[in-house]
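Next input, structure requested:
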Amino acid sequence: MPGVPFIQADLTSMEWRPDSFDAVVAFYVFNHVPPGQFEPTLARLASWLRPGGFFAASLPGGDSTFEEVEDDWLVFRCTSRAS
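Predicted coordinates for the structure are as follows:
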């Protein structure tokens, strides 16, 4: 799409200001995040959402090795944030 910047970065280390986005979409991304970095990465990503923002992602399920592609996906609306 003309005029739209493309950013290539490592999701586990990229930074954005809190409340920067109305929505974040991450399909087939989290199955590449190492297990020890999954929770901190997801928490940081959630902080990027404005209150009421949307998060849509495919997430590994069960005992996934994080190398498999899962058919499950989840969408939730961020209504509050833990302190």
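
residue ranges of the helices in the chain, please?
Counting by DSSP state H, the chain has these helices, from start to end: 35-48.

Name the spans of it whose pLDDT lies under the cut-off.
Judged by pLDDT under 70, the chain has its weakly predicted residues at 1, 61-83.

One more pass at 50, please.
Along the chain, segments meeting pLDDT under 50 span 66, 68-70, 73, 75-76, 83.

quick one: the lengthiest strand in it to helix 35-48, angle?
In the chain, ranked by residue count with DSSP state E as the criterion, the top strand is strand 49-57. Here strand 49-57 runs at an angle of 130 degrees relative to helix 35-48 (axes from the mean of the first three to the mean of the last three C-alpha atoms, to 10 degrees).

Indicate each strand paired with strand 49-57 and its parallel or antiparallel sense.
strand 21-26 (parallel), strand 74-77 (antiparallel) (DSSP bridges).

which residue packs closest to Val24, ignoring adjacent ones?
Closest residue in space to Val24, ignoring its immediate chain neighbours: Phe55 at 5.2 Å, by C-beta to C-beta, 6 or more residues apart in numbering. All C-beta atoms are positioned from the backbone trio N, CA, C, and that covers glycine.
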